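[1] Show me how the following folds:
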Amino acid sequence: MSIWERIGEFVARVSASASSSITDMVEAVRTVFSGDAELRRRVAFSVAMIALSAKMAKADGVVTQDEIRAFRDIFEVPRDQTRNVARLYDLARQDVAGFETYAEQMAKLCGSGHSNCLMLEDILDGLFHIATADGVLHEREGDFLHRVAEIFRIDETHYQTILARHVDLGSGDPYRVLGLERGIAFPEVKKRYRKLVADNHPDKLIARGLPQEFINVATRRLAAINAAYEMIERDLAPA
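    Numbers count the residues shown, from 1 in each chain. The predicted structure is shown next:
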């Protein structure tokens with residue numbers, strides 16, 4: 001049974017609840033997938049992305065075709081399962097609970113309990129990918145993403161690094177993409193670059209619960225990291 005069929009079971013369970021609240025969603029993920037930790041991580045990531053995408057759309061007030069295509073970049077949902085994804089999206093969008101409540105619950109469901117959790121950074125990165133698909137990060141989207149980052153306990157430096165991968169921040173951009181300050185020695189730049197490349201290897205991403213489809217976004221992330229390193233290398237590397 002595919003992950004989307006399992007998510008379909010999950011959606012059916014949540015939809016049958018009288019309240020269909022965010023608490024129901026989180027409890028259903030924990031209960032339905034309690035016997036398979038790897039599948040639970042993948043489902044939890046998918047549910048978090050879908051639910052928070054819905055909340056972001058509600059906060060922004062507009063969903064563009066570019067954003068829909070960006071969502072499909074992350075999730076290549078089989079045609080016969082799109083209805084279940086749409087039901088989950090609508091449940092989150094229509095829920096009276098605010099996005100902060102959703103972010104808090106998703107942090108508990110997906111996070112490690114520590115600051116700068118990699119899986120929560122992956123979720124935020126995916127949300128940025130959707131938000132900037134039309135070429136602009138709108139003010140309300142930016143406010144939404146910054147607040148979600150705070151709830152996820154992603155510190156400001158990490159947040160600026162994620163932001164820099166998606167939005168042109170000017171001359172400091174390549175350093176921010178790598179999470180570095182200007183003036184750092186080149187060997188330290190190289191060390192940081194190698195760690196980022198290792199952390200974003202597809203095998204590591206899948207191991208921490210990301211669905212195969214998210215690799216499309218991770219590939220773009222790695223391209224941004226490589227481009228930033230090459231820019232710095234041209235300036236700093238010994239002749």
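
[2] From Ala164, how far off is Ile184?
    Applying CB to CB, to the nearest Å, the value for Ile184 to Ala164 is 16 Å. From N, CA and C alone the C-beta is placed, and that goes for glycine too.

[3] Give me the more crowded residue out of the two.
    Legend: neighbour count by other CB atoms under 10 Å for Ile184 and Ala164, higher for Ala164 (21 against 15).

[4] quick one, phi/psi of Ile154?
    Phi and psi for Ile154, reported as degrees, to the nearest 10, are phi -90, psi 120.

[5] any idea which residue sits dead centre in this protein?
    Centroid check for the chain by CA atoms, centre = their mean gives Ile123 as the closest residue, at 1.8 Å.

[6] Check that one and give its pLDDT.
    We have a pLDDT of 89 for Ile123.

[7] Same check on Asp73?
    Asp73 is assigned 71 on the pLDDT scale.

[8] count of neighbours near it?
    The number of residues packed near Asp73 is 17, by other CB under 10 Å.

[9] Please tell me how far it sits from His129.
    To His129, Asp73 is 7 Å away according to CB to CB.

[10] Likewise for Gly183?
    Taken as CB to CB, the span from Gly183 to His129 is 30 Å.

[11] the more surrounded of those two?
    A direct count of neighbours by other CB under 10 Å for Gly183 and His129 places His129 higher, at 22 against 6.

[12] Show me what the one helix or strand Gln160 maps to is packed against.
    Element membership of Gln160 [criterion: DSSP states H and E] is helix 156-166. The elements that helix 156-166 packs onto, with contact taken as 3 or more CB pairs under 8 Å, 6 or more residues apart in numbering; DSSP states H and E, are helix 118-131, helix 139-151, helix 173-177, helix 215-236.

[13] between these, which gets nearest to Lys204?
    Comparing the helices and strands packed on helix 156-166 against Lys204 with CB to CB, the closest turns out to be helix 118-131 (8.7 Å).

[14] Understood, closing this out.
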